[in-house]
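> Provide a 3D model corresponding to the input given below.
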Amino acid sequence: MKKILITGGAGFIGSHVAIKLLNNGYKVTILDNLSPQIHGFNGDLPSFLKGKVVFFKGDVRNKEDWRKALAGQDAVIHLAAETGTGQSMYEIHKYTDVNINGTSNLLDILTNEKHTVKKVIVASSRAIYGEGKYTCKDHGIVFPIARDDESMSKGDYECKCPICCGEVVLQATDEDSKIQPTSIYGITKYNQEQMVLLVCKAINIPAVAYRFQNVYGPGQSLSNPYTGILSIFSTRIKNGNEINVFEDGKETRDFVYIDDISDAVILGLEKEEANYEVFNVGSGIATDVLTVTAALIKAYNSKVSIKVSGNYRLGDIRHNYADLTKIEKKLGFKAKFDFQTGINNFVQWVEGQDVSDDKYEDSIKEMKEKGLYK
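Numbering: from 1, shown residues only. Predicted structure coming up:
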């Protein structure tokens, strides 16, 4: 397999995967609609990809765009999607249309039309797990339900045992954990991976689904207020604006560096052991938001103030980190970048960018209006 189509290939993850593929001798085609929310209103293919890839500006919701981009391709890396848990709770049609209907167009063509595709990789998300895996001293392994407004309004942010409502201890979430997304985004990502795995198996095309953790690194959109906290906080810092830390700042995420994600995708493309499997991709380490904030402020040598506000978003999870046993055993994957190295690389890149407009307050206003931000 030498000809690879990457949907969303002009974006953060896609462009990094494209460069690694090119360096490994692959020929790359990109299908991307250059969404203004991600790329700005004058969005373009990243300069480092120009002249090196075949580029189609198009939309996965348009079947004809798919047909043009798929011509002669050996494999598809399907990354194009609307991303953002908070925004998905009020842009419901948009998220389902792009993520689910866009994927159905691909599968329709693969099932009903002539093509040369021999493998499909689809980006899923850790968001499908909801709160993920915990242990209760009385009930063992449990999977807490979404936290409720009443508890969080009183400053009680931790998950509880769904059986006895007692305290629980966080565990690494493995691929066999209960699926219970707490956002429309999470629902659409689970739909995507299940559709791809089901249909591709039926038509005998190997498929792989990756449940990405919180991806960060150079090239991340600094203008999209619905993306990860590293870029949101960086934009706030560069504009000299106060950082609002939600809840008590002790909520955690599994931050995985972009180069590790790209490596995992290529392993899935090249290894038969990946066929028809789902894999977590992360660092396997839980890092709390206050640690992230302190690391960024130090790296930027900034004096912006931090406000631990107690604000919260309905649908947000409290903690998570990935169990990587499966991907380590089957594909030999291991994250190479520790958090501090990744942060330093990210900050160094941000320092060379134009300071983006800080649209964070606008995004908060939208969520407040919908009753999703407290």
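
> ok, residue 204 - how many residues close by?
7 (other C-beta atoms under 10 Å). C-beta: built from backbone N, CA, C; applies to glycine.

> Let's verify it: helix, strand, or coil?
coil (DSSP: H, G, I helix; E, B strand; the rest coil).

> so what's it scoring on pLDDT?
pLDDT, residue 204: 98.

> Show me what residue 208 bridges to in the sheet.
Counting by DSSP bridges, residue 208 is bridged to residue 121, residue 277.

> surely it meets residue 121?
Yes - with contacts counted by C-beta atoms under 8 Å, residue 208 reaches residue 121, the gap being 4.8 Å.

> neighbour count winner among the two?
The neighbour comparison of residue 208 against residue 121 (other C-beta under 10 Å) goes to residue 208, with 28 against 24.

> The more buried one: what's it in contact with?
If you count contacts by C-beta atoms under 8 Å, 6 or more residues apart in numbering, residue 208 has them with 119, 120, 121, 122, 268, 269, 274, 275, 276, 277, 278, 279.

> Of the residues you listed, which is the most crowded?
residue 268 (28 neighbours).

> how much space is there between it and residue 89?
As for residue 268, its distance to residue 89 is 30 Å (criterion: C-beta to C-beta, to the nearest Å).

> Same question for residue 70.
Here the criterion is C-beta to C-beta. By it, residue 70 lies 32 Å from residue 89.

> Same check on residue 128?
In terms of C-beta to C-beta, residue 128 sits 16 Å off from residue 89.

> So for these two, which residue has more residues nearby?
For residue 128 and residue 89, the more surrounded residue by other C-beta under 10 Å is residue 128, and the numbers stand at 27 against 20.

> Would you confirm that residue 190 contacts residue 180?
No - between residue 190 and residue 180 there is no contact under C-beta under 8 Å: 9.7 Å.

> picking that back up, residues shared between the contacts of residue 208 and residue 121?
Common contacts of residue 208 and residue 121, defined by C-beta under 8 Å, 6+ apart, comprise 268, 269.

> Rounded mean pLDDT for stretch 142-161, please.
Mean predicted confidence for stretch 142-161 is 94.

> residues making contact with it?
Stretch 142-161 is contacted by residues 130-136, 138-139, 162-163, 166-168, 177-178, 180, 182, 247-248, 250-251, 310, 312, 314-315, 318-319, 374 when judged by C-beta under 8 Å, 6+ apart.

> Look up the closest residue to residue 169, ignoring the ones flanking it.
Sequence neighbours aside, residue 135 is the residue nearest to residue 169 in space, at 5.0 Å (criterion: C-beta to C-beta, 6 or more residues apart in numbering).

> For the one you found, which three-state class applies?
Of the three states, residue 135 takes strand under three-state DSSP.

> How about the contacts made by it?
Counting by C-beta under 8 Å, 6+ apart, residue 135 touches 141, 142, 168, 169, 171.

> What's the ChimeraX syntax to select whichever of the residues you listed are buried?
Buried members of the contacts of residue 135, defined by 16 or more other C-beta atoms under 10 Å, are picked up in ChimeraX with:
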select :142,168,171
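
> Go through the contacts of residue 135 and say which is closest to residue 79.
Lowest distance from residue 79 to the contacts of residue 135 (C-beta to C-beta) belongs to residue 171, with 28.7 Å.

> Now the closest one: closest residue in space, sequence neighbours ignored.
Distance criterion C-beta to C-beta, 6+ apart; nearest residue to residue 171, sequence neighbours excluded, is residue 133 at 4.4 Å.

> for residue 278, same thing?
Nearest residue to residue 278, sequence neighbours excluded (C-beta to C-beta, 6+ apart): residue 209, at 4.5 Å.

> Repeat that for residue 67.
With C-beta to C-beta, 6+ apart, the residue lying closest to residue 67 is residue 109, at 6.5 Å.

> Over to residue 32?
Of all residues not flanking residue 32 in the chain, residue 10 sits nearest, at 3.9 Å (C-beta to C-beta, 6+ apart).

> Then residue 195?
Per C-beta to C-beta, 6+ apart, closest to residue 195 is residue 103, 5.6 Å.

> Pull the residues that contact the helix or strand hosting that neighbour.
Under the criterion of DSSP states H and E, residue 103 resides in helix 102-112. In this structure, residues lying in contact with helix 102-112 by C-beta under 8 Å, 6+ apart are 7, 59-63, 66-67, 70, 76, 78, 80-81, 115, 117, 120, 122, 191-192, 195-196, 199-200, 202-203, 205.
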